[in-house]
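A.B. asks: Next input, structure requested:
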Amino acid sequence: MTDLSSRRPYADPEARREPVRPGSSGRPPAIRRPGPFLRIIICLLILLLTGIAVHEIIRNRPRPQRKPPQPLSVLVRVQTVHSDAERVVIRAMGNVIPARRITLSNRVAGDIAWRHPDFEAGGRLPAGVEAVKIDPVDYELVLARREADLVTARAALQTEAGRQAVAEREWRVMGMDAKASAREKELALRKPQYRQAAAAVKAAAAEVRRAQLDLARTSIRLPFNALILETAVDTGSRVAASSPLAEIVCTDEYDVRVFLPPDQLGWFSPGATACVRPMDRDKDPSARRTGTVKRVQGDLGGNGRMARVLISMADPLSLDTDGEKRALLLDDYVRVEIQGRRLPGAFRIPRAALRQGDRVWLADAENRLVIRPVQVAWRTPDSVIVDQGLADGDRLIISDIGTPVEGLPLNVENEAPEPKEAAPGGPDAAARKHGAGAPPETRGTSPGVREETP
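C.D. replies: So this is what the prediction gives:
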């Protein structure tokens with residue numbers, strides 16, 4: 001067996017130690033630290049390796065699958081529209097004028113002996129009442145003279161009749177029928193004289209009749225129920241024949257004259273109902289009246305070349321209703337709504353729901369925007385009547401959209417069953433009930449358009 005100790009001269013730890021040099025402390029020498037340049041190199045290597053490791057981690061990490069972006073929907077409000085026989089209402093302005101206005105005048109001259117106490121401006125008198133009396137004395141004397149002339153003429157006729165009878169007896173006694181001509185016989189029997197006397201009686205009777213008329217005409221009576229606008233005479237005034245005595249108008253009927261564009265005349269006909277409201281009493285229910293279209297005047301008047309329509313207003317002063325309605329005043333400025341003809345199968349929608357270019361926005365079954373052109377038959381400040389382009393059940397968008405694009409996703413705010421009954425108070429009340437959150441011009445509903453409520 002080989003002695004290992006002999007082969008390893010330094011197996012002994014003590015033997016591997018270096019001999020201690022003279023002057024040393026006997027400790028092992030210290031490890032030398034790297035210099036600054038080496039430290040920089042080491043740091044750069046560490047950073048490089050770290051960056052490579054991070055890059056590999058990021059490059060090899062599991063990537064999530066990209067999903068397509070979800071389109072944003074727009075919040076809108078809708079109304080469900082239904083067709084109906086919509087009536088066209090023609091709105092206009094007009095003024096009240098008298099239906100009958102005359103200048104009251106006299107037929108005979110004389111002095112005004114008496115006038116009615118209400119025969120003054122603003123007074124009202126019934127038809128047939130005596131308004132003014134002219135002194136009748138002169139005309140009574142003339143009548144008496146004419147009556148005397150008539151008596152004289154009748155007496156002359158009777159005298160001539162007696163003379164004619166005597167002439168006939170003499171003619172028969174003398175037997176002149178065979179000898180005389182027809183003309184000679186007529187003269188012999190005094191027939192021309194008799195005809196002259198009979199004509200004098202007729203003339204005298206006519207003069208009596210004329211004198212009676214002149215006497216009756218001293219009493220001036222009103223031809224209709226009248227309102228006195230102004231008078232020109234008073235007691236003691238002397239008037240000539242045909243002098244103006246007063247300006248009067250009939251109180252049974254007033255007219256409202258309305259100016260309309262000629263293209264609107266085809267929407268109504270004479271006899272159509274019209275609602276009239278004075279401008280200064282627009283909110284007073286007692287001031288609202290109902291009239292009928294009387295006729296369309298045959299020419300265009302005014303600087304705007306407008307057609308003139310007359311609307312008849314019966315009992316304008318409320319004399320037959322015990323003052324339940326406010327009286328209309330002449331020259332009053334009024335609002336007029338003429339009930340025109342109906343459009344079957346039409347839709348009435350808010351004016352604000354009609355977009356530029358006569359288009360509407362609809363929400364389809366998938367709640368996407370549909371832009372559809374429509375045909376407008378009638379326009380008002382608050383609503384329009386559409387006769388083509390809409391169908392029953394269409395959901396009309398009444399709110400605004402910033403950028404309307406066909407197919408835009410929509411979020412319908414009030415998608416709910418439509419109410420069976422309209423809000424009490426008519427369209428205005430419905431607008432107040434359902435109009436929250438909508439633009440002011442789109443709030444409310446109109447006949448034929450029912451608004452869905454949430």
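A.B. asks: quick one, phi psi at residue 101?
C.D. replies: The phi/psi pair for residue 101 (degrees, to the nearest 10) reads phi -140, psi 130.
A.B. asks: Distance check, the nearest residue to it once chain neighbours are set aside against residue 309.
C.D. replies: In space, residue 101 comes closest to residue 249 once its chain neighbours are excluded; the distance is 4.7 Å by CB to CB, 6 or more residues apart in numbering. Quick note: C-beta positions are derived from backbone N, CA and C, even for glycine. Distance, residue 249 to residue 309, by CB to CB, to the nearest Å: 20 Å.
A.B. asks: of those two, who's got more company?
C.D. replies: Each of residue 249 and residue 309 has its neighbours counted (other CB atoms under 10 Å); residue 309 has more, 27 against 21.
A.B. asks: And what about the more buried one, helix, strand or coil?
C.D. replies: Recorded secondary structure, residue 309: strand (DSSP: H, G, I helix; E, B strand; the rest coil).
A.B. asks: ok, back up a step: ok, now which ones touch the residue nearest to residue 101?
C.D. replies: Applying CB atoms under 8 Å, 6 or more residues apart in numbering to residue 249 gives the contacts 98-101, 226-227, 229, 330.
A.B. asks: Repeat that for residue 319.
C.D. replies: 225, 251.
A.B. asks: and if we set it to 10 Å?
C.D. replies: Under the criterion of CB atoms under 10 Å, 6 or more residues apart in numbering, the contact list for residue 319 reads 124, 126, 225, 251-252, 327.
A.B. asks: Keep only those of those that are in strands.
C.D. replies: Among the contacts of residue 319, the residues falling in strands (DSSP state E) are residue 124.
A.B. asks: So which of the contacts of residue 319 is surrounded by the most neighbours?
C.D. replies: Compared across those, residue 251 has the highest neighbour count, 22 neighbours, by other CB under 10 Å.
A.B. asks: Now do the strands in the stretch 51-200 of the chain.
C.D. replies: Per DSSP state E, counting those that start in this stretch, the stretch 51-200 of the chain carries strands over the ranges 74-76, 78-81, 84-98, 101-105, 110-115, 124-125, 130-134.
A.B. asks: what's the answer for the stretch 251-400 of the chain, then?
C.D. replies: All strands of the stretch 251-400 of the chain, identified by DSSP E, counting those that start in this stretch, fall at 253-260, 273-278, 289-301, 306-314, 333-350, 359-363, 369-373, 375-379, 383-388, 395-397.
A.B. asks: So which of those is the most surrounded?
C.D. replies: Mean neighbour count (mean count of other CB atoms under 10 Å) peaks for strand 395-397 among the strands of the stretch 251-400 of the chain, with a mean of 24.
A.B. asks: in the helix or strand following it, what's buried?
C.D. replies: Heading C-terminal from strand 395-397, the first helix or strand you meet, by DSSP states H and E, is strand 410-412. Within strand 410-412, the residues scored as buried using 16 or more other CB atoms under 10 Å are 410, 412.
A.B. asks: And stretch 108-124, by the same measure?
C.D. replies: So stretch 108-124, judged by 16+ other CB under 10 Å, has buried residues 108, 110, 112, 115-116, 119, 123.
A.B. asks: hmm, back to that, could the strands of the stretch 51-200 of the chain be laid out in a markdown table, adding mean pLDDT?
C.D. replies: A markdown table is the format used below for those (pLDDT from 0 to 100):
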| stretch | mean pLDDT |
| --- | --- |
| strand 74-76 | 91 |
| strand 78-81 | 94 |
| strand 84-98 | 94 |
| strand 101-105 | 96 |
| strand 110-115 | 95 |
| strand 124-125 | 96 |
| strand 130-134 | 96 |
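A.B. asks: Looking at these, which is nearest to residue 269?
C.D. replies: Closest of those to residue 269 is strand 84-98, at 11.8 Å (criterion: CB to CB).
A.B. asks: For residue 165, state which of the contacts of residue 319 is nearest.
C.D. replies: residue 126 (56.5 Å).
A.B. asks: what's the distance between the helix ranked longest in the chain and the middle of its chain?
C.D. replies: Ordering each helix of the chain by length in residues (DSSP state H) puts helix 137-174 first. In this view, helix 137-174 has its centroid 75 Å away from the chain centroid, taken as CA atoms, centre = their mean, to the nearest Å.
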